[in-house]
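Novice: the sequence and its predicted three-dimensional model are supplied below.
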Amino acid sequence: MPWDVIGHEAAVRWLQQQVRRGRVHHAYLFVGPPGVGRRTVARRFAQALLCEQPPEPGAFCGQCRACRQLEAEQHPDLHILDTTGGLKVAAVRAAQTTWNLSPRAGRYRIALLPEVQHATPAAANALLKTLEEPPEHLIVLLTASEPEALLPTVVSRCEVVRLRPLAVAQLQAALQARGVAPAVAAEAAAWAQGRPGLALRLAQDPEARAAYAEEWRQVWTLLQQPLYRRLRAVEGFTPSQRDRARQVLTQWLAVWRAVWHMQWAPDAATAPPGWEDALQALAAAVPRERTRALLDDLLEALAHLERYASPRLVLGAVLTAWPVLEELE
Ligand SMILES: [Zn+2]
């Protein structure tokens, strides 16, 4: 069975090759924006490693018990450490006891730590011990949005697999090949800005697509407001709303990336259906250098957010730098 992953051909080929050659490393770090497919690729890799009857080395059958259990993330040798709300050192230490035991069913134990940037420094240091002296049978799979948010010592112990968003047109075609109606595929691919995992979810969820449209509209509203009103729009963000703040920043980043695209490559511009005019107006109203600076601001803001800065302050700081555009629309 092929890995059935949308895009990421080079990464998949490389991972398959490692399994085929029997040269698997002890730790892999899958890096990319949320929704790009990090966890899916990690899971496929685990299937290739633990499949009971691989049709060929590097592939997996998708039918055997191991393949099905891994697909459902229920395999006895797959250990997922939940990092939502911050990964604590006690959780890592407890997991390490299990990781050190021989595998129960297959050849490897696989530890999957999604969004490992949420680990506290103490937890990351504890994890480092495993990465430095991993048990022979253990494979550690980490995912993160920005490697810069991790301890450099952790990153340097991992094989880093970067997963980038696809071109929106390519993603749209892939969705259509999976039976998604063309109009829905165009919308989902554009809202997801080339992130296949997110696009697949959006393709099946009209309400979520509407929410994305609403968030884009919000950007134009904010741009036409004076600073004090913008700050009021984000003052309700509490420290516990970090995930929500990340979503908002990611959407803002998507808008400004689309503007950037429109400014530099209008032919290949990938505006969501119905948004061409609004993006064009914005692209004409803001100098290119300013767009670049705003994009840098947003990337920096996302990194700050990972380092436990206050969501309200981070969002407010970003909005402070935005131009006020009264004449839009
Ligand atoms: Zn299998």
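Specialist: Received it, and whenever you're ready, just let me know what you need. Residues are numbered from 1 along each chain as shown.

Novice: count of neighbours near the residue of the stretch 201-329 of the chain found nearest the ion?
Specialist: Relative to the ion, the nearest point of the stretch 201-329 of the chain is residue 201 (25.6 Å; CB to the ion). In short, each C-beta sits where N, CA and C put it, glycine included. Using other CB atoms under 10 Å, residue 201 has 15 other residues around it.

Novice: leaving out the residues flanking it, which one is nearest to it?
Specialist: For residue 201, ignoring the flanking residues on the chain, the nearest one in space by CB to CB, 6 or more residues apart in numbering is residue 208 at 6.7 Å.

Novice: next: residue 114.
Specialist: Nearest one to residue 114, counting by CB to CB, 6+ apart, is residue 143 at 4.8 Å.

Novice: what do you get for residue 155?
Specialist: residue 147 (5.1 Å).

Novice: quick one: the strands in the stretch 1-150 of the chain, in order.
Specialist: 27-31, 78-80, 109-113, 138-144 (DSSP state E, counting those that start in this stretch).

Novice: out of those strands, deepest packed?
Specialist: Mean neighbours per residue, mean count of other CB atoms under 10 Å, is largest over the strands of the stretch 1-150 of the chain for strand 138-144, with a mean of 26.

Novice: who does that one pair up with?
Specialist: strand 27-31 (parallel), strand 109-113 (parallel) (DSSP bridges).

Novice: for it, what is the distance to the chain centroid?
Specialist: 15 Å (CA atoms, centre = their mean, to the nearest Å).

Novice: now do it: everything it contacts.
Specialist: Here strand 138-144 makes contact (CB atoms under 8 Å, 6 or more residues apart in numbering) with 24-31, 38-39, 42, 45-46, 49, 99-100, 108-117, 127, 130-131, 134, 150, 154, 158.

Novice: stretch 265-285 too?
Specialist: Counting by CB under 8 Å, 6+ apart, residues outside stretch 265-285 touching it are 167-169, 183, 186-187, 190-191, 193-194, 212-213, 216, 220, 223, 258-259, 261-263, 291, 323, 325, 327-329.

Novice: and the helices in the stretch 51-200 of the chain?
Specialist: Using DSSP state H, counting those that start in this stretch, the helices of the stretch 51-200 of the chain run over residues 65-71, 89-99, 121-132, 152-156, 168-177, 182-191, 196-203.

Novice: picking that back up, among the contacts of stretch 265-285, name the buried ones.
Specialist: 168, 186-187, 190-191, 193-194, 212, 216, 220, 223, 258-259, 261-263, 291, 325 (16 or more other CB atoms under 10 Å).

Novice: residues in the protein within reach of the ion, list them.
Specialist: 51, 60-61, 64, 67 (CB under 5 Å from the ion).

Novice: okay, these in JSON lines with distance to residue 303 next?
Specialist: JSON lines is the format used below for the residues of the chain next to the ion (distance: CB to CB, whole Å):
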{"residue": "51", "distance to residue 303": "37"}
{"residue": "60", "distance to residue 303": "35"}
{"residue": "61", "distance to residue 303": "41"}
{"residue": "64", "distance to residue 303": "41"}
{"residue": "67", "distance to residue 303": "37"}
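
Novice: hmm, which two among those residues are most spread apart?
Specialist: 60 and 64 (8.1 Å; CB to CB).

Novice: contacts only, for residue 96.
Specialist: Counting by CB under 8 Å, 6+ apart, residue 96 touches 126, 129-130.

Novice: could you flag which of these are buried?
Specialist: Here, 16+ other CB under 10 Å leaves 126, 130 buried among the contacts of residue 96.

Novice: from the contacts of residue 96, pick the one nearest the ion.
Specialist: residue 130 (26.8 Å).

Novice: wait, that closest one sits on residue 99?
Specialist: Yes. With contacts counted by CB atoms under 8 Å, residue 130 reaches residue 99, the gap being 6.5 Å.

Novice: now for these two: what residues contact both?
Specialist: Common neighbours of residue 130 and residue 99 (CB under 8 Å, 6+ apart) are 111, 138.

Novice: residue 122: how many residues sit nearby?
Specialist: 14.

Novice: spatially nearest residue to it, not counting backbone neighbours?
Specialist: Nearest non-adjacent residue to residue 122 (CB to CB, 6+ apart): residue 89, at 4.1 Å.
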